[in-house]
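Enquirer: 3D model of this:
(2 chains)
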Amino acid sequence: EAGVAQSPRYKIIEKRQSVAFWCNPISGHATLYWYQQILGQGPKLLIQFQNNGVVDDSQLPKDRFSAERLKGVDSTLKIQPAKLEDSAVYLCASSLGTPGLFFGEGSRLTVL
Amino acid sequence: KQEVTQIPAALSVPEGENLVLNCSFTDSAIYNLQWFRQDPGKGLTSLLLIQSSQREQTSGRLNASLDKSSGRSTLYIAASQPGDSATYLCAVMDGNQFYFGTGTSLTVIP
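Expert: Okay, the predicted model is just below:
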């Protein structure tokens, strides 16, 4: 069974530039999560989708972050314009409910 | 909202030792608890998942226990190896959300 796929693995941009991350969840997983993990901290939920609907985006900085999940499968997370404090690893995870969470390898963003 | 705490934040042990990592949470009404391993620069790899009706789960040298009433879980690693060096995170599923601790950074010294 294929795992959660994410790209790109690494991205370096200047502040005020834009960046997009892509995630393809495990086949059949209806729930998709984007987390932000700053070095030394646990993952922080940015947005949760159930199929192609948003369940929770209360911690998403909507002035600069956006996310979509078209057709209830893969998802993109965009940051525009980026700030220095956005430097982090962006983790995508998918779930079929109580069996738990499955994560991709993450996308490491460095903002200079 | 759940608050998840992991103690200690960092742990260094000689190879071969048995060790225990702790995870505590504030609300006992959880669906499950999951332990993850994270290597530097990588994503989270699931180690063990304990459903709310279970008391423990085992996989190889790993054993995780859950005491919902006291809001605690422990991850026991037997006969530690240098390859076990990583950060270990616990997460509780409460409703349809997952709440994470900040992790324990484990170093196993050869």
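Enquirer: what does chain B have sitting close to chain A?
Expert: Residues of chain B found near chain A (C-beta under 8 Å from any C-beta of the partner chain) are B:4, B:31-32, B:34, B:36, B:41-46, B:49, B:51, B:89, B:91, B:93, B:96-98, B:100-103. Using the backbone N, CA and C atoms, a C-beta is placed for each residue, glycine as well.
Enquirer: Any quick ChimeraX command for the buried ones out of these?
Expert: This is how ChimeraX selects the buried members of the residues of chain B next to chain A, with burial counted by 16 or more other C-beta atoms under 10 Å in any protein chain shown:
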select /B:4,31,32,34,36,42,43,44,46,49,51,89,91,93,97,98,100,101,102,103
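Enquirer: now whichever residue of chain B sits closest to chain A: how far from B:L89?
Expert: Across chain B, the shortest distance to chain A (C-beta to the nearest C-beta) belongs to B:F100, at 3.7 Å. Per C-beta to C-beta, to the nearest Å, B:F100 is found 6 Å from B:L89.
Enquirer: Please enumerate the shared neighbours of the two.
Expert: Common neighbours of B:F100 and B:L89 (criterion: C-beta atoms under 8 Å, 6 or more residues apart in numbering or on different chains): A:G42, A:P43.
Enquirer: and A:L39, how many neighbours?
Expert: 8 (other C-beta atoms under 10 Å in any protein chain shown).
Enquirer: what bridges to the closest residue to it other than its chain neighbours?
Expert: Nearest non-adjacent residue to A:L39, counting by C-beta to C-beta, 6 or more residues apart in numbering or on different chains: A:A88, 7.6 Å away. Note on A:A88: beta-bridge partners by DSSP bridges are A:L109.
Enquirer: quick one: pLDDT of the nearest residue to A:P25 once chain neighbours are set aside?
Expert: Among residues not flanking A:P25 along the chain, A:S94 sits closest, at 3.3 Å (C-beta to C-beta, 6+ apart). As predicted, A:S94 sits at a pLDDT of 94.
Enquirer: and what of A:R16?
Expert: Here the pLDDT value assigned to A:R16 is 97.
Enquirer: Mind listing the strands the worst-scoring helix or strand of chain B on mean pLDDT pairs with, and their directions?
Expert: Least confident helix or strand, chain B: strand B:97-100 with a mean of 90, by mean pLDDT, DSSP states H and E. Here strand B:97-100 is paired, per DSSP bridges, with strand B:86-94 (antiparallel).
Enquirer: average pLDDT across the strand it pairs with?
Expert: Taken as a whole, strand B:86-94 has a mean pLDDT of 94.
Enquirer: for chain B, what are the nearby residues on chain A?
Expert: A:4, A:6, A:31, A:33, A:40-45, A:48, A:50, A:55-56, A:89, A:91, A:93, A:97-106, A:108.
Enquirer: mind listing what the nearest residue to the residue of chain B closest to chain A once chain neighbours are set aside touches?
Expert: Distances taken as C-beta to C-beta, 6+ apart place A:G42 nearest to B:F100, at 3.7 Å, with adjacent residues excluded. Listed by C-beta under 8 Å, 6+ apart, the contact partners of A:G42 are B:V4, B:L89, B:F100, B:G101, B:T102, B:G103.
Enquirer: Could you check how many residues crowd around the closest residue in space to B:I77 that isn't next to it in sequence?
Expert: Nearest residue to B:I77, sequence neighbours excluded (C-beta to C-beta, 6+ apart): B:L19, at 5.2 Å. Using other C-beta under 10 Å, B:L19 is surrounded by 16 other residues.
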